[in-house]
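**Student:** model the structure of this input:
(one chain, ligands or ions: 1)
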Amino acid sequence: MSIPTDLVNRYPWLPSLKRFYSDIADKLPSEFISDIFSKSDSKQISEHILIIFESAFNNLEDIPNLKDENLSIQVYILLNILVYTLDNKLITNRIANLYSKDAYSKMERDNSESALYDICLDLELRVNFYDPPIRYGNKMLKDNREKQVTNFTIYYIDYLKLASHLRDEYRKLAHNPLENGYVYIKNRSLMRLIQEYVRNKILIEETEDKASLKSFLEEVLKIQEFKELYEKINSIWAKRKEDFDFTFKIDITGKTDILKLYPPCVKEILKKAGEGQNLVHYERLFIVWFLLALEYPVEKVVDVFSTLPDFDREKTNYQVEYAKKKKYVPYQCSTLQSITLCMKEKYKDKLCQEGYGSKELTERKKLNHPLNYVRIKQYRDEKEEEYLKNKAKRELEESQKQNG
Ligand code: SF4
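**Tutor:** Got it, this is the predicted structure:
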């Protein structure tokens, strides 16, 4: 089975890249880099690479269009080499998220069922293609019955493989109609699964073998143009990282170190989101309800999700607004423990592990709610501040007495 060459130019992450462009794909990375930077279009490639990194660091959801699509293959391979050499989980996640979202947008814009079918075949997905689309059920939307139609069914094993890292409830197999081992899947949901394939393809470029990475880096940094590009990306990241670190320290109480008031279960979710990792359904609900309970503005809560692979601002905004209207209460500790989101052991947090003193001096109270953690920490901070103020006052009075 052969797919059109144009499709590989448009989607260079397809396995057929190796077949069609074996002259490029089989080269050693250092040879490939030398080659790229000896050609007249190298400036354009570097510019485009920088646009991708800047877009990822700025949390954009699409990559501005590449002027010359014929360069997309070189851009894709160089991008992978850079992600490998930069060896930074945060950067890798951001690039993987952005590049895969862009792949989704392209498929959506192309809106071609036959191209989507070719992509599936190239990825060796076992799919059935129906043209015209087939009807497989109805969906009730308020009082209207909406026909469910699709061009595709996908073999359930392939579906599960691709969907295994996706956390949304509706992607669970139980929520999708299945017949003779094939899952009915809407075109857009199929594109979303392929987006996940692209994301994972970039993610697996990370290495444990730091020694090989070091010697590879030494070798490729001898190529001046690559070195300049590599250093430029590092310097943009260094500047952006500061802003990024700050995004979770939203000042709602007048204190700048609000993060230290949060319990480990919350810190862990914010950390994962910050690294661009996917969050499970319960993590998403909990963090929304927790932040809303602390009266975070809706747009700040939405921003927490902006680094996630499947982020959709409009949808998230709607969900956060809805949660705010419903005034949901965040899970208590016992619930968080039962769904394995309690992180007291991982963070070895004393307040979570040992509880806190009650009025009854012999008794210690068990922490039962993450919001209580914030209240107790805040109370302790205020007491500490009060103590320090009084201490300073006493010391001043002492020294005035001695001098006078
Ligand atoms: S004890 Fe409660 S507040 Fe502390 S990490 Fe566990 S769930 Fe969170």
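**Student:** could you pull out the strands in the stretch 151-300 of the chain for me?
**Tutor:** Here the stretch 151-300 of the chain has its strands, by DSSP state E, counting those that start in this stretch, at 178-179, 182-185.
**Student:** need those strands in a markdown table (columns: mean pLDDT, mean neighbour count and distance to residue 152).
**Tutor:** All C-beta spots, glycine's among them, are computed from the backbone N, C-alpha and C. Shown next, in a markdown table, are these (pLDDT from 0 to 100; neighbours: other Cβ atoms under 10 Å; distance: least, Cβ to Cβ, whole Å):
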| stretch | mean pLDDT | mean neighbour count | distance to residue 152 |
| --- | --- | --- | --- |
| strand 178-179 | 82 | 11 | 13 |
| strand 182-185 | 91 | 21 | 5 |
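**Student:** I'd like the ones you listed as a markdown table, with distance to residue 232 appended.
**Tutor:** As requested, the strands of the stretch 151-300 of the chain are exported to a markdown table (distance: least, Cβ to Cβ, whole Å):
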| stretch | distance to residue 232 |
| --- | --- |
| strand 178-179 | 50 |
| strand 182-185 | 41 |
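**Student:** distance to the ligand added to these, as CSV?
**Tutor:** CSV is the format used below for these (distance: least, Cβ to the nearest ligand atom, whole Å):
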stretch, distance to the ligand
strand 178-179, 37
strand 182-185, 36
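**Student:** got the residues of the stretch 201-350 of the chain near the ligand?
**Tutor:** 263, 264, 265, 333, 336, 342, 343, 344 (Cβ under 6 Å from any ligand atom).
**Student:** select only the buried ones of these in ChimeraX?
**Tutor:** To isolate the buried members of those in ChimeraX, using 16 or more other Cβ atoms under 10 Å:
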select :263,264,265,333,336,342,343,344
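**Student:** list the ones among the residues of the stretch 201-350 of the chain next to the ligand that fall in helices.
**Tutor:** If you go by DSSP state H, those have 264, 265, 333, 336, 344 in helices.
**Student:** nearest to residue 159 among those residues?
**Tutor:** When these are ranked by distance to residue 159 (Cβ to Cβ), residue 336 comes first, at 30.6 Å.
**Student:** how about that closest one, what does it touch?
**Tutor:** 265, 286, 342, 370 (Cβ atoms under 8 Å, 6 or more residues apart in numbering).
**Student:** farthest-separated two in these?
**Tutor:** 286 and 342, at 10.9 Å, using Cβ to Cβ across the contacts of residue 336.
**Student:** longest strand in this protein, please.
**Tutor:** Identified as the longest strand of the chain according to DSSP state E is strand 127-141.
**Student:** which outside residues touch that one?
**Tutor:** Strand 127-141 has contacts (Cβ under 8 Å, 6+ apart) with 113-114, 117, 120-121, 145-155, 158, 177, 179, 182, 184, 190.
**Student:** so which bits of the helix or strand bottoming out on mean pLDDT in the chain are buried?
**Tutor:** Least confident helix or strand, the chain: helix 22-25 with a mean of 77, by mean pLDDT, DSSP states H and E. Across helix 22-25, burial judged by 16+ other Cβ under 10 Å covers residue 24.
**Student:** who does it touch, helix- and strand-wise?
**Tutor:** Judged by 3 or more Cβ pairs under 8 Å, 6 or more residues apart in numbering; DSSP states H and E, the packing partners of helix 22-25 are helix 72-86.
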